[in-house]
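J.: take a look and give me a structure for this.
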Amino acid sequence: MAPSRLLRALIAALLLAGATPAAAEERGFDHYLLALTWMPSFCEFEGDAREDSRCAPDSGHGWTVHGLWPQRTGGSWPEYCDTAHRNPSRRETAAQVDLYGASGSAGHQWNKHGRCTGLSAADYFALTRAAAGRLTLPQVFDALDQTIVLSPDVVEAAFIEANPGLTYTMMLTTCRQDAIVELRLCLTRDLRPRPCDNALILRGCSLDAARMPGLR
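T.: Below is the predicted model of the structure:
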């Protein structure tokens, strides 16, 4: 069956715009989510099996940047977008080890999330570094040398105490099985803390108490 006149017009408009419907959808986002991983939990669930260097004895990794993720109002997000910018070189990702803990993690974050920001890899890494640099990590976790059980609210309270101006509505903790794995902070596009969407809050940890494995 031949396409209708309306369908032909729609296809022509998309071709003139140089985009498919999916590609056009990928480009839009409203704000960011800065995700921090509690590395001992990551090691327990995934890192040890991968022989990740961040999980080595005496590595001492606690809260580590997972990534800076574009988000849309309503709880969806773009990922693996097309971009005119080149991929970062191995030298460029290696320069992010102090931020992510591993160069491979930097490359993965660029590929999955950074490409959707419209920024170059260098600018995306710089923006991630700026977002992380504005956040003070609670020192109380620096001495966590054994597994403890606590409410996710206690983790968030520690971040609020270390960062006046933050509120519970601007962040959430996530769990995997019975353990806290991440702290996620909602940010505007210019990196100011903002309230998280309800759809995002609903993905937070629902446990009254969860494990936090100790530092290695």
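J.: low pLDDT regions in the chain?
T.: Applying pLDDT under 70 to the chain flags residues 1-27.
J.: where do the strands sit along it?
T.: 31-38, 63-71, 148-150, 171-176, 179-187, 210-212 (DSSP state E).
J.: of those, which is nearest residue 97?
T.: For residue 97, the closest of the strands of the chain is strand 63-71, at 10.8 Å, according to CB to CB. The way it works is simple: take the backbone N, C-alpha and C, and place the C-beta from them, glycine included.
J.: so residue 128 touches residue 66, yeah?
T.: No - between residue 128 and residue 66 there is no contact under CB atoms under 8 Å: 10.0 Å.
J.: who has more neighbours out of these two?
T.: residue 128 (27 against 24; other CB atoms under 10 Å).
J.: report the separation between the residue nearest to that one when sequence neighbours are not counted and residue 112.
T.: Spatial nearest neighbour of residue 128, excluding adjacent residues (CB to CB, 6 or more residues apart in numbering): residue 68 at 4.2 Å. Distance, residue 68 to residue 112, by CB to CB, to the nearest Å: 11 Å.
J.: which one of these two has more residues nearby?
T.: Taking neighbours as other CB under 10 Å, residue 68 and residue 112 compare with residue 68 leading, 24 against 15.
J.: quick one: that one from residue 135, how far?
T.: 11 Å.
J.: got any residues that touch both of the two?
T.: With contacts taken as CB atoms under 8 Å, 6 or more residues apart in numbering, the residues that reach both residue 68 and residue 135 are residue 34.
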